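Peer 1: I need the structure of the sequence given here:
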Amino acid sequence: MSSQAETPAPNAFRCGYIAIVGRPNVGKSTLMNQLIGAKVSITSRKAQTTRHRITGVQTSPTAQFIYIDTPGFQTRHANPLNRKLNRTVTDTLGSADVILFVVEAGSFSDPDKLVMSLLPKDVPCILVINKADQVKDKAKLMPFAQQVASGHDFATVVPVSAKQRFQLDALQDEIEKRLPENPPQFGEDDITDRSERFMASEIVREKLFRLVGDELPYTSTVLIEKFEQEGNLRRIFAAILVERDSHKSMVIGNKGARLKEISTQARLDMERLFGGPVYLETWIKVKSGWADNEAGLRAYGYE
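Peer 2: The predicted structure follows:
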């Protein structure tokens, strides 16, 4: 492994883009949320939860970290949505100043190897071994790290637990050493480049997948049809798009209980993120086949 780190010039401010990549469900979104100290990328146990390139920003006295959370790279089902997800990953790799390649401790399979094969050789890449706290025999971490690191010239290796915030300060130190000297690109208090409207749709989608689970196809999505602000109050009207009538009943639940819980949890998260009261109204629309063609994807924000 090479160091690739530079010695910072005195008082030099550093700023750059950090791509977070890996196969689905290794904890990329949780890692970014914990690094910036706010929830800007949604999480769930369901694969393919992250569908867009999500930017999270954290600013310290000496650096601004612009994290880019990417969808998990798809190795199966070459449908239009998965092709767009993979294009997002490869485009992000080409524009990053530092790359975090995230793997799950003790697990390195063919999908991980495929993502590793995409890593550019001319960009500093840090191997992040997530969920290190779940490995009972810590003596196994070192040979596992050596096994994974043998496939690429990594700048360094950092075992972490994103959920427990274990080693995240050490990881951030390693990232900062490799950022270019640049002035900040975002305001000191900015945490994302995404609009509140976009964040609202993502929050509802997270609750949808968390509460409906594996019963619902991952192509289901959320469209914000109206977003109004009156003083500190936000009025948000969200349509949940599903592909079949049977999916609609899954989301509604018994006497509407599941849809009510989705809306309640989403509203509470929005109020925490936006810092004010939210009126949220949700309903369900059946849009058959919208995810099976390029035009349908563009219509619902998948550029």
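
Peer 1: Just say helix, strand or coil for Gly276.
Peer 2: coil (DSSP: H, G, I helix; E, B strand; the rest coil).

Peer 1: which residue packs closest to it, ignoring adjacent ones?
Peer 2: Spatial nearest neighbour of Gly276, excluding adjacent residues (Cβ to Cβ, 6 or more residues apart in numbering): Asn232 at 3.9 Å. Backbone N, C-alpha and C define where each C-beta goes, glycine included.

Peer 1: now the helices: where do they sit in this protein?
Peer 2: For the chain, applying DSSP state H gives helices covering 28-36, 80-95, 110-117, 141-149, 168-178, 196-212, 245-252, 257-274, 294-299.

Peer 1: how deep is the residue nearest to Gly276 tucked in, by neighbour count?
Peer 2: 10 (other Cβ atoms under 10 Å).

Peer 1: And it, how far from Val278?
Peer 2: As defined by Cβ to Cβ, to the nearest Å, Asn232 lies at a distance of 10 Å from Val278.

Peer 1: swap in Gly16?
Peer 2: Applying Cβ to Cβ, the value for Gly16 to Val278 is 34 Å.

Peer 1: hmm, back to that, need the winner for burial among the helices of the chain.
Peer 2: Mean neighbour count (mean count of other Cβ atoms under 10 Å) peaks for helix 28-36 among those, with a mean of 24.

Peer 1: chain center to that one: distance?
Peer 2: Taking Cα atoms, centre = their mean, to the nearest Å, one finds the center of helix 28-36 at 7 Å from the center of the full chain.

Peer 1: Same question for stretch 177-195.
Peer 2: With Cα atoms, centre = their mean as the basis, the mean position of stretch 177-195 lies at 17 Å from the chain mean.

Peer 1: now it: mean pLDDT?
Peer 2: Mean pLDDT, stretch 177-195: 89.

Peer 1: Let me see the domain layout of the protein.
Peer 2: Following automatic domain parsing, one gets these domains for the chain: 14-178, 196-299.

Peer 1: With respect to Gly187, which of these lies nearest?
Peer 2: Proximity to Gly187 (Cβ to Cβ) singles out domain 14-178 among the domains of the chain, at 8.1 Å.

Peer 1: on that earlier part again, any chance of the helices of the chain in TSV, with distance to Asp69 too?
Peer 2: Below are the helices of the chain laid out as TSV (distance: least, Cβ to Cβ, whole Å):
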stretch	distance to Asp69
helix 28-36	5
helix 80-95	9
helix 110-117	14
helix 141-149	21
helix 168-178	14
helix 196-212	11
helix 245-252	25
helix 257-274	16
helix 294-299	19
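
Peer 1: Ok, which of the ones you listed comes nearest Val286?
Peer 2: Val286 lies closest, by Cβ to Cβ, to one member of the helices of the chain: helix 245-252, at 5.8 Å.

Peer 1: got the angle between the closest one and helix 196-212?
Peer 2: 90 degrees (axes from the mean of the first three to the mean of the last three Cα atoms, to 10 degrees).

Peer 1: where does this structure dip in pLDDT?
Peer 2: Within the chain, the stretches with pLDDT under 70 are 1-11, 42-53, 71-92, 213-219, 288-303.

Peer 1: do that again at 80, thanks
Peer 2: The chain contains residues with pLDDT under 80 at 1-11, 38-55, 69-94, 193, 213-220, 244, 287-303.

Peer 1: what's near enough to touch Leu93?
Peer 2: Counting by Cβ atoms under 8 Å, 6 or more residues apart in numbering, Leu93 touches Ala19, Val21, Ile99, Leu118, Leu119, Pro120, Val123.

Peer 1: Now do the fourth one: how many residues are near it, please.
Peer 2: So that's Leu118. Neighbourhood size, Leu118 [other Cβ under 10 Å]: 15.

Peer 1: ok, it to Val157 distance?
Peer 2: Look at Leu118 and Val157: by Cβ to Cβ, they are 19 Å apart.

Peer 1: what residues are up against Gln229?
Peer 2: Listed by Cβ under 8 Å, 6+ apart, the contact partners of Gln229 are Arg235.

Peer 1: Look up how far Thr282 lies from it.
Peer 2: Distance from Gln229 to Thr282, counting by Cβ to Cβ: 18 Å.

Peer 1: and if you look at Leu119?
Peer 2: Taken as Cβ to Cβ, the span from Leu119 to Thr282 is 40 Å.

Peer 1: With Gly16 instead?
Peer 2: Between Gly16 and Thr282 the computed distance is 38 Å (Cβ to Cβ).

Peer 1: so Glu174 makes contact with Val158?
Peer 2: Yes - the criterion here is Cβ atoms under 8 Å, and Glu174 meets it with Val158 at 6.0 Å.
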